[in-house]
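Asks: Build the 3D model from these lines:
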Amino acid sequence: MLELIWRGAIIGVGATLAMDIWAVILTTVFRQPRPNWALVGRWFYHLKSGRVFHDTIADAEPYSHELALGWFSHYAVGIAYGIMLALLAGAAWVAEPTFLPAWIWAIVTVAAGWFLLQPGLGLGWAAAKTPNPTKVRALNLAAHTVFGLGLWLTALLIR
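Replies: Purely as a prediction, here's the structure:
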């Protein structure tokens with residue numbers, strides 16, 4: 001079990017890195033804004049006081065290390081997802097990874113963004129309060145597909 005956990009952690013780091021590379025591509029090629037990890041860090045900071053949902057996280061009290069906390073949280077969540085995949089899919093999948101379980105898991109994890117993080121930031125359920133919710137949702141699904149590719153490819157690299 002310990003081997004599945006550490007392999008899952010590495011798989012999660014690789015997948016999160018793939019998602020970050022995707023964000024750079026979107027910024028460079030398509031001029032999409034990069035994720036603002038400072039606001040995510042602010043959201044995580046306010047969780048300690050029991051505040052999950054905000055009208056807008058930009059109005060919440062800033063935290064001096066929110067950018068670092070945002071990046072740390074981004075990778076911590078990615079690592080947790082990698083560990084969960086390794087534990088759910090099991091040693092057989094880790095030994096011979098296939099794309100479909102990684103992709104299904106990556107798409108399932110979109111739910112945390114749509115129903116916890118985005119409403120927590122004040123963006124509404126599944127980005128409903130954004131100017132173009134359909135675009136945001138499509139970008140979320142694309143990013144999580146890249147995350148799934150990252151899960152699978154990293155698992156292939158370390159098997």
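Asks: the residue most distant from the middle of the protein, which is it?
Replies: Of all residues in the chain, residue 92 has its C-alpha farthest from the mean position, at 24.8 Å, by C-alpha atoms, centre = their mean.
Asks: pLDDT (mean, whole number) over the host helix or strand of that one?
Replies: Per DSSP states H and E, residue 92 falls inside helix 66-95. When pLDDT is averaged along helix 66-95, the result is 98.
Asks: next structured bit after that helix?
Replies: Defined by DSSP H and E, the subsequent element after helix 66-95 is helix 99-108.
Asks: C-terminal to that next one, what's the next element?
Replies: Note on helix 99-108: by DSSP H and E, the next helix or strand toward the C-terminus is helix 110-112.
Asks: Residue 70: what's it in contact with?
Replies: Applying C-beta atoms under 8 Å, 6 or more residues apart in numbering, we find residue 70 in contact with 36, 37, 38, 39, 40, 41, 42, 44. Where C-beta positions appear, they are placed from N, C-alpha and C, glycine not excepted.
Asks: show me what contacts residue 91?
Replies: Per C-beta under 8 Å, 6+ apart, neighbours of residue 91: 3, 4.
Asks: Kindly report the same for the one 3 residues further on.
Replies: Residue 94 makes contact with 4, 7, 8, 86, 155, 159, according to C-beta under 8 Å, 6+ apart.
Asks: separation between the residue lying closest to residue 105 once chain neighbours are set aside and residue 92?
Replies: Distance criterion C-beta to C-beta, 6 or more residues apart in numbering; nearest residue to residue 105, sequence neighbours excluded, is residue 85 at 4.8 Å. The spacing between residue 85 and residue 92, counted by C-beta to C-beta, to the nearest Å, is 13 Å.
Asks: Ok, residue 28 next?
Replies: In terms of C-beta to C-beta, residue 28 sits 38 Å off from residue 92.
Asks: Next: residue 69.
Replies: Where residue 92 is concerned, residue 69 sits at a distance of 36 Å (C-beta to C-beta).
Asks: One more: residue 48?
Replies: 39 Å.
Asks: starting at the chain centroid, how far to the helix holding residue 92?
Replies: 9 Å (C-alpha atoms, centre = their mean, to the nearest Å).
Asks: ok, and for it, which residues are buried?
Replies: Applying a neighbour-count criterion of 16 or more other C-beta atoms under 10 Å, one finds 66-67, 69-71, 73-75, 77-79, 81-83, 85-86, 89, 93-94 buried in helix 66-95.
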